[in-house]
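# fold the following and give me the result.
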Amino acid sequence: MKIAGYIIAALSLILMSCTGVRNIPFTSDEWRVHPTSGYIENSDSTCSFNLCSDKVECELLLIDSDTDALRYNGLKPYLNKICSHLEVVCDSILLYAPTKGLLIVEISENIPWKPRSLSANLSTDKPYTTWIRYNDVEDWNRKSDEIYTNVILDKRAKQLLIIDRLTYEEKDLAIIHIIQTKTPKFRRMGLPLWSGTWADVTDPTCLEPISNWIEGHRKMALENYRRGQMRDAN
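Residues are numbered from 1 along each chain as shown. Sure, this is the predicted structure:
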């Protein structure tokens, strides 16, 4: 059965390439939850992220390789499709934490992508956020001390993506918060129980719980920008 699952996943990747959705490789890093700080860090401790959660369990599932992804039916094409929604190039996937609805990818911002909000003054004690209107005109080339945020709703997949682009040390990253309705297709992947949500992201009556779940995305982006700057200074 496992071999059959791997074959199906491999065929899914081939089909994805035929439909124009690019296969995004994982980095070679292995990730874990630090037992003391609760931060997510890679194996050589050169990169770490703060989830800004009250509690992060050491056994938190972190998917950081194709081998990990192949354990879940259709997961890699699912992640590839999410990355295809970004109007910048996704170079590699650092990690996916399904029960946190969190995907972190390294990006190349060669093409300007107009944000819906912009956070600046990040290195000061008074950062601010401004909303971007449809008629605002700039070159939209993000500076390294800014965070650009976009929101994408995939009605067909019943999936809401909150995408924060920031600079971590010298890397350009996108931290993607995924609010995913538990559709039958999503359930078939066999991810842990708390992956996905009961709420229908296309139903306006669910806006209140959904807004509560995404409320902390900016705080997390700012915290990890600052962590990157601290490491860069060292």
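# need the strands for this structure, in chain order.
Under the criterion DSSP state E, the chain contains strands at 31-33, 40-42, 48-49, 89-97, 102-108, 117-120, 128-131, 147-154, 159-168, 171-180.
# return the most buried member of those strands.
Counting by mean count of other CB atoms under 10 Å, strand 159-168 has the highest mean neighbour count of the strands of the chain, with a mean of 23. C-beta: built from backbone N, CA, C; applies to glycine.
# what lines up beside that strand in the sheet?
When pairing is defined by DSSP bridges, strand 159-168 lines up against strand 147-154 (antiparallel), strand 171-180 (antiparallel).
# for the protein, what are the low-confidence residue spans?
For the chain, the stretches with pLDDT under 70 are 1-19, 54-55, 231-234.
# ok, now with 80
Across the chain, the ranges flagged by pLDDT under 80 are 1-20, 52-59, 231-234.
# helices along that one, start to end?
Here the chain has its helices, by DSSP state H, at 2-18, 66-69, 75-84, 184-187, 207-214, 217-233.
# in CSV: the strands of the chain, plus distance to residue 57.
Below are the strands of the chain laid out as CSV (distance: least, CB to CB, whole Å):
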stretch, distance to residue 57
strand 31-33, 7
strand 40-42, 11
strand 48-49, 15
strand 89-97, 11
strand 102-108, 14
strand 117-120, 29
strand 128-131, 30
strand 147-154, 27
strand 159-168, 23
strand 171-180, 19
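# closest one to residue 221 among these?
Of all the strands of the chain, strand 159-168 sits nearest to residue 221, with 3.8 Å by CB to CB.
# what's the angle between that closest one and strand 89-97?
Interaxial angle of strand 159-168 relative to strand 89-97 (axes from the mean of the first three to the mean of the last three CA atoms, to 10 degrees): 110 degrees.
# off-centre distance for strand 159-168?
Averaging C-alpha positions (CA atoms, centre = their mean, to the nearest Å) puts strand 159-168 6 Å from its chain's average.
# now swap in stretch 154-169 and tell me
Put simply, stretch 154-169 sits 6 Å off its chain's centre (CA atoms, centre = their mean).
# didn't residue 90 look like it was pressed against residue 174?
Yes - counting by CB atoms under 8 Å, residue 174 is a contact partner of residue 90 at 7.3 Å.
# quick one: common contacting residues for these two?
Both residue 90 and residue 174 are contacted by 105, 107, under the criterion CB atoms under 8 Å, 6 or more residues apart in numbering.
# returning to that earlier point: out of the strands paired with strand 159-168, flag the one nearest residue 67.
Among these, the nearest to residue 67 by CB to CB is strand 171-180 (21.4 Å).
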